[in-house]
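> Below are the sequence and a predicted model; questions follow.
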Amino acid sequence: MWYWVFKYILIGPLLRVLGRPTIEGHENIPTDGPAILASNHLAVMDSFFLPLMVDRRIYFLAKNEYFTGTGLKGAFQRWFFTAAGQIPIDRSGAEAAEGALTAARRQLAAGKLMGMYPEGTRSPDGRLYKGKTGLARLAMDTGVPVIPVAMIATHKFNPPGSILPRPTKISVRIGTPLDFSRYEGMEGNRYIERAVTDEIMYELMQLSGQQYVDVYAASLKSQAPAVEPPPAADAA
């Protein structure tokens, strides 16, 4: 219930005023049945504007830290992210990653719409970074379509470290569903998983117009305390 209250009453109307969001390609999202929305990741607000513009409920995998805080703030975060349909995942290692995929498989088996960020973390500078293969593994295991999604200008609405939003025109572009059934029976092949991931990232690059960087965003973040966005940049 709270998901729809947030969307239509408490948060959604304000976001529509401040972000003036538009969506292209909404017809590419199935009206029912399981699918994975594979999105670039510019800002925290990606997980707000995408559900706002899509009719169906979207479930996201969210970092476990959102659910482990203490005190009043921690309690509020746990309640909010749970009510918003976020699924806590531990990103600390391979076993944790497999647990996240298991949680996603359960949602897809129930016919739900999963939102996932193949980059694994927000872009530090507005460019598009190398995708992790977990999403490809999930798509191949379940056989569900992967729908590329480009979030445009959310990092200007919600710059890293900012508290108050900055009114900015937001766009959501939905691409044509990708079918990877041609790889049936090849699950577990890391070369195929990389090929599938790269195909998804190529579609995201085409949709978003972002410059692609063939390194993981997380590795770049670990090397530098901060990276200033380039002047022409357009996905925490």
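Sure thing, it's come through. Numbering: from 1, shown residues only.
> Strands of the protein, start to end?
For the chain, strands defined by DSSP state E occupy the ranges 22-24, 35-39, 58-63, 86-89, 113-116, 128-129, 146-152, 171-174, 212-213.
> what's in contact with the fourth one?
Among residues not part of strand 86-89, those counted as contacts by Cβ atoms under 8 Å, 6 or more residues apart in numbering are 47, 59-64, 66-67, 81, 96, 99-100, 103-104, 107. Using the backbone N, CA and C atoms, a C-beta is placed for each residue, glycine as well.
> And the last one, by the same measure?
If you take Cβ under 8 Å, 6+ apart as the criterion, strand 212-213 is touched by 127-130, 201, 205, 220.
> rewinding a little: could the strands of the chain go into TSV alongside mean pLDDT?
TSV is the format used below for these (pLDDT from 0 to 100):
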stretch	mean pLDDT
strand 22-24	98
strand 35-39	98
strand 58-63	84
strand 86-89	76
strand 113-116	95
strand 128-129	98
strand 146-152	98
strand 171-174	98
strand 212-213	96
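> So which of these is nearest residue 2?
strand 86-89 (11.6 Å; Cβ to Cβ).
> just how off-centre is the closest one within its chain?
Offset of strand 86-89 from its chain centre (Cα atoms, centre = their mean, to the nearest Å): 12 Å.
> Show me which parts of it are buried, residue by residue.
Buried residues in strand 86-89, defined by neighbour count with 16 or more other Cβ atoms under 10 Å: 86-89.
> what's the answer for stretch 48-58, then?
Buried residues in stretch 48-58 (16+ other Cβ under 10 Å): 48-54, 58.
> could I get the residues you listed as TSV with distance to residue 22?
Below are the buried residues of stretch 48-58 laid out as TSV (distance: Cβ to Cβ, whole Å):
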residue	distance to residue 22
48	15
49	10
50	13
51	15
52	11
53	8
54	13
58	18
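> where does this structure have low pLDDT?
Regions of the chain meeting the criterion pLDDT under 70 cover residues 90-97, 221-236.
> quick one, helices of it?
Applying DSSP state H to the chain gives helices spanning 2-5, 12-19, 46-53, 71-83, 94-109, 134-142, 154-157, 190-208, 217-223.
> rewinding a little: and the contacts of strand 86-89, which are buried?
47, 59-63, 66-67, 81, 100, 104, 107.
> need the residues you listed in a markdown table with distance to residue 180, can you?
Formatted as a markdown table, the buried ones among the contacts of strand 86-89 follow (distance: Cβ to Cβ, whole Å):
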| residue | distance to residue 180 |
| --- | --- |
| 47 | 25 |
| 59 | 21 |
| 60 | 21 |
| 61 | 20 |
| 62 | 25 |
| 63 | 26 |
| 66 | 30 |
| 67 | 31 |
| 81 | 30 |
| 100 | 20 |
| 104 | 16 |
| 107 | 19 |
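> so which of the residues you listed comes closest to residue 167?
Distances from residue 167 to those, taken by Cβ to Cβ, are shortest for residue 47, at 19.0 Å.
> and stretch 133-152, which residues are buried?
Taking 16+ other Cβ under 10 Å as the criterion, stretch 133-152 shows 133-140, 142, 144-152 as buried.
> same deal with stretch 200-219?
For stretch 200-219, by 16+ other Cβ under 10 Å, it's 200-201, 203-205, 207-208, 210, 216-218.
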